[in-house]
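Undergrad: Need a 3D model of the sequence below.
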Amino acid sequence: MNLSRLRNPWRSEAHRWVGPIVVAASGVMMLLWSWAKWTDMMVDFGRELYIPWRLVEGESLYKDVAYFHGPLSPYLNSLVFFVFGTSLRTLVIANLGITAGFATMLYISMSRLAGRLAATVGGVVYLTTFAFAHPIDYGNFNFITPYSHEMTHGLALSFLALLLLWSHHDRDSWWKLAGAGWLLGIVFLTKPEFVLASAPAAVTGLLVSGWTKGRAVSGSLRECLVLLGAAAVPVIVAVSALAGSLPLASAIRGVLGSWPDLLRPELRQQSYYQTIMGTADIADSVSRILEWTGRYAVILVPAALAAALMRLPAKLRWLWACLATVVLVGPVIIFRKQIFWSDVARPFPLLLAVGASYLVMRILRRRRDSDIEPLLVPALSMTIFSGLLLAKMILKVQVYHYGFVLALPATMWVVMVLVSVLPKMLDKRGGNGLVFQTVSLALIAVIAGAYLDSSAEVYRSKTVWVGNGGDAFLADDRGKVLQRLLDLVAERVAPGQTLAVIPEGVMVNYLSRRANPTPYINFMPPELIVFGEDRIVDAYRSSPPDFVVVTNRGASDYGYRLLGHDYGQEIGQWLEESYRLVMQIDDPELGKEEFAILMLLERKL
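TA: This is a model prediction of the structure:
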């Protein structure tokens, strides 16, 4: 009898459901704990509700509603609204399905690459630190109410395409290859960052796979052509569908989404995007990367040495592992309140570069020995994908903000390396991989716990109900101001009248079911650059809304203060000329917080 199999439930077929049950339980816990608290009351997610609502009402994307991403997500969400009814709850349930589906894909892929324990840890980290998380008090950086559905849709579709290619690597299948290409074509209809990450990963995987199998170069190129040909199909279909309501040039421009704006200097020079990428202060960014690399080294290098040098009897290994964990991770637990956890992912690009180099060397060496391990090529492909997704925040990687999607694959990669890959390497060399594994698990738990604490603080602040029925959600104290505004809009703005919210806050349009008469629903600096302030002002002069809500939403993230003062002067002038104040709603206790002051303006006759 193999007693080791009985002692380790992660290797026992009888316990193969332990991991999925733990992951599912963590998901249910997070769902109940965070229920109705995912949504930012004014920023971003209102657009994700408003646009599909308007599409269901018969308007056309890019014609009646200005949009700068691909058409997939708005039309997919409008289909959900059309079939199941228009409400926030409907979209939440749909997104819960995507969240569960992605958790399933993660568990399957991670368990094959690194085993059930790593897959279970990865699944729990995904659900607690990414899918349901709310570590900062603004924005919609979670899978349930994402600030942009292109993020979650793009990630899930990219991952599924790579999984199909992984299966194709195991056993050549032209339909799987074509299916992966078709999915990549759909990814093109979301956001560029997912194409720029998944396409190189897919093509590299095909070329390396063919090379390891001794296939002729022409055969690998043929596979790449099939992949790209299949990818073109959804793009062509999308252009054809949009051309039914738009001129062909406009349909093509719509399908291209934000690709034409990718390298616009006006956008790249915005302080907001430089801060996100970490290029606003390169010296500081590099310093923090090195600092956190050193912090990890102080814990993990001694753990590796303890695992490699202390070759103890089996009965003492757990004792030695627990002792090493207390010594190495104990101080982190004691001083966790003093640690700036937002920088925890800074070294990820460096780690992924090292990992990719190691995999390339392994593949080259195995090629000479004619003994290619079946998981090396998929691992390389996933490593490339994870690394390229970090490009938008290359010097300032975070697991929150945009990182809730962009840093997710890299985080799962790190979890697999720490929990499985390195412990197994230590075991193969006669060491005690359990020591390193235990220290790694404790470190991961501490980091995930720190982010849970941050989410808990935000969730505790959300006690005010906003909206009604299926659109109701919990907000912080600013929700009182918003609900008073919604009551005022219901009283003063008739159902057939129109409303604009300036500079941001289309959530008011959605919750009140009052449409904007123009295609332009946001007045933040990026929108003014992409669509053009002159064009926006002309549209509002041609179709002025009956009422306008003005919020005290600042633009400090972009280097500006308020609309009409140091940016958007034409819009400010138009407002002053055309509208008069009906009522100002505020809450003195909130001071000058954003969205603490709202003004309702009525058009002058």
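Undergrad: Toward the C-terminus from the lowest-mean-pLDDT helix or strand in the chain, list the very next helix or strand.
TA: Across the helices and strands of the chain, mean confidence by mean pLDDT, DSSP states H and E is lowest for helix 3-7: a mean of 41. Once the chain leaves helix 3-7, the next helix or strand it forms, by DSSP states H and E, is helix 18-34.
Undergrad: got the buried residues for that following helix?
TA: Neighbour-count burial for helix 18-34 flags 19, 20, 23, 24, 26, 27, 30, 31, 34 (criterion: 16 or more other C-beta atoms under 10 Å). Every C-beta, even on glycine, is put in place using the N, C-alpha and C of the backbone.
Undergrad: got it, and stretch 152-167?
TA: 152-167.
Undergrad: With distance to residue 127 and pLDDT as new columns, can the buried residues of helix 18-34 be given to me in a markdown table?
TA: Formatted as a markdown table, these follow (distance: C-beta to C-beta, whole Å; pLDDT from 0 to 100):
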| residue | distance to residue 127 | pLDDT |
| --- | --- | --- |
| 19 | 13 | 91 |
| 20 | 12 | 94 |
| 23 | 7 | 97 |
| 24 | 9 | 96 |
| 26 | 5 | 97 |
| 27 | 5 | 97 |
| 30 | 5 | 97 |
| 31 | 9 | 97 |
| 34 | 11 | 95 |
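Undergrad: and of those, the nearest to residue 421?
TA: residue 19 (17.4 Å; C-beta to C-beta).
Undergrad: Please give me every residue in contact with that closest one.
TA: The contact partners of residue 19, taken as C-beta atoms under 8 Å, 6 or more residues apart in numbering, are 10, 107, 111, 116, 117, 119, 120, 123.
Undergrad: Repeat that for residue 521.
TA: 47, 50, 65, 66, 500, 501, 506, 509.
Undergrad: what do you get for residue 306?
TA: 320, 324, 432, 435, 436.
Undergrad: And the first one, how far from residue 434?
TA: With the distance defined as C-beta to C-beta, to the nearest Å, residue 320 ends up 8 Å from residue 434.
Undergrad: What helix or strand is the residue positioned nearest the centre of the chain located in?
TA: Using C-alpha atoms, centre = their mean, the residue of the chain that lies closest to the mean C-alpha position is residue 405, 2.3 Å off. Following DSSP H and E, one finds residue 405 within helix 403-406.
Undergrad: now for the very next helix or strand once past that helix, which elements pack on it?
TA: Using DSSP H and E, the helix or strand that follows helix 403-406 in sequence is helix 408-416. Contact analysis of helix 408-416 by 3 or more C-beta pairs under 8 Å, 6 or more residues apart in numbering; DSSP states H and E lists helix 88-114, helix 116-125, helix 149-170, helix 348-369, helix 376-388 as its packing neighbours.
Undergrad: if we go to 7 Å?
TA: helix 88-114, helix 116-125, helix 348-369, helix 376-388 (3 or more C-beta pairs under 7 Å, 6 or more residues apart in numbering; DSSP states H and E).
Undergrad: I'd like those helices laid out as CSV, including distance to residue 419 and mean pLDDT.
TA: As requested, the helices and strands packed on helix 408-416 are exported to CSV (distance: least, C-beta to C-beta, whole Å; pLDDT from 0 to 100):
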stretch, distance to residue 419, mean pLDDT
helix 88-114, 7, 96
helix 116-125, 4, 96
helix 348-369, 14, 87
helix 376-388, 15, 94
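Undergrad: Looking at these, spot the one closest to residue 488.
TA: helix 88-114 (20.9 Å).
Undergrad: Name the residues of the closest one that come out as buried.
TA: For helix 88-114, by 16+ other C-beta under 10 Å, it's 88, 90-92, 94-96, 98-100, 102-103, 106-107, 109-111, 113-114.
Undergrad: okay, the angle between that helix and helix 116-125?
TA: Put simply, helix 88-114 runs at 160 degrees to helix 116-125, going by axes from the mean of the first three to the mean of the last three C-alpha atoms, to 10 degrees.
Undergrad: Which ones among the contacts of residue 521 map onto helices?
TA: 47, 50, 509 (DSSP state H).
Undergrad: care to break the chain down by domain?
TA: 22-294+334-423, 477-603 (automatic domain parsing).
Undergrad: With distance to residue 467 added, can I get these in a markdown table?
TA: A markdown table is the format used below for the domains of the chain (distance: least, C-beta to C-beta, whole Å):
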| stretch | distance to residue 467 |
| --- | --- |
| domain 22-294+334-423 | 7 |
| domain 477-603 | 5 |
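Undergrad: which one of those domains lies closest to residue 451?
TA: Closest approach to residue 451 among the domains of the chain is made by domain 22-294+334-423 (4.9 Å; C-beta to C-beta).
Undergrad: Helix, strand, or coil at residue 86?
TA: coil (DSSP: H, G, I helix; E, B strand; the rest coil).
Undergrad: pLDDT score assigned to it?
TA: As predicted, residue 86 sits at a pLDDT of 97.
Undergrad: now do residue 11
TA: Reading off the model, residue 11 has pLDDT 54.
Undergrad: Confirm for me that residue 497 is in contact with residue 546.
TA: Yes: with contact defined as C-beta atoms under 7 Å, residue 497 and residue 546 form a contacting pair (4.1 Å).
Undergrad: From the opening residue of stretch 551-567 to its closing one, how far?
TA: 15 Å (C-alpha to C-alpha, to the nearest Å).
Undergrad: Kindly apply the preceding question to stretch 549-563 instead.
TA: With C-alpha to C-alpha, one end of stretch 549-563 sits 13 Å from the other.
Undergrad: Repeat that for stretch 559-577.
TA: From start residue to end residue, stretch 559-577 stretches across 27 Å - C-alpha to C-alpha.
Undergrad: what do you get for stretch 504-523?
TA: Per C-alpha to C-alpha, the first residue of stretch 504-523 is 6 Å away from its last.
Undergrad: May I see the buried residues of that stretch?
TA: 504-512, 514-523.
Undergrad: Averaged pLDDT, that stretch. What do you get?
TA: Stretch 504-523 shows a mean pLDDT of 96.
Undergrad: just how off-centre is that stretch within its chain?
TA: With C-alpha atoms, centre = their mean, to the nearest Å as the basis, stretch 504-523 stands 24 Å off its chain's centre.
Undergrad: And stretch 112-120, by the same measure?
TA: 22 Å.
Undergrad: Pull the residues that contact that stretch.
TA: 10, 19, 22-23, 107, 110-111, 375, 379, 415-416, 419-421 (C-beta atoms under 7 Å, 6 or more residues apart in numbering).
Undergrad: Spell out which helix or strand contains the closest residue to residue 534 other than its chain neighbours, please.
TA: In this structure, residue 534 finds its nearest non-sequential neighbour in residue 570, 7.2 Å apart by C-beta to C-beta, 6 or more residues apart in numbering. In the assignment (DSSP H and E), residue 570 maps to helix 569-578.
Undergrad: how long is stretch 507-517 from one end to the other?
TA: 15 Å.
Undergrad: residues making contact with that stretch?
TA: By C-beta under 7 Å, 6+ apart, stretch 507-517 touches 41-42, 45-46, 49-50, 53-54, 467, 471, 485-486, 489-490, 493, 497-501, 543, 545, 549.
Undergrad: just to revisit the earlier point, return the member of the contacts of stretch 112-120 nearest to residue 560.
TA: Using C-beta to C-beta, the contacts of stretch 112-120 come closest to residue 560 at residue 415, 39.4 Å.
Undergrad: Low-confidence ranges, the protein, go.
TA: Applying pLDDT under 70 to the chain picks out residues 1-14, 311-315, 366-372, 592.
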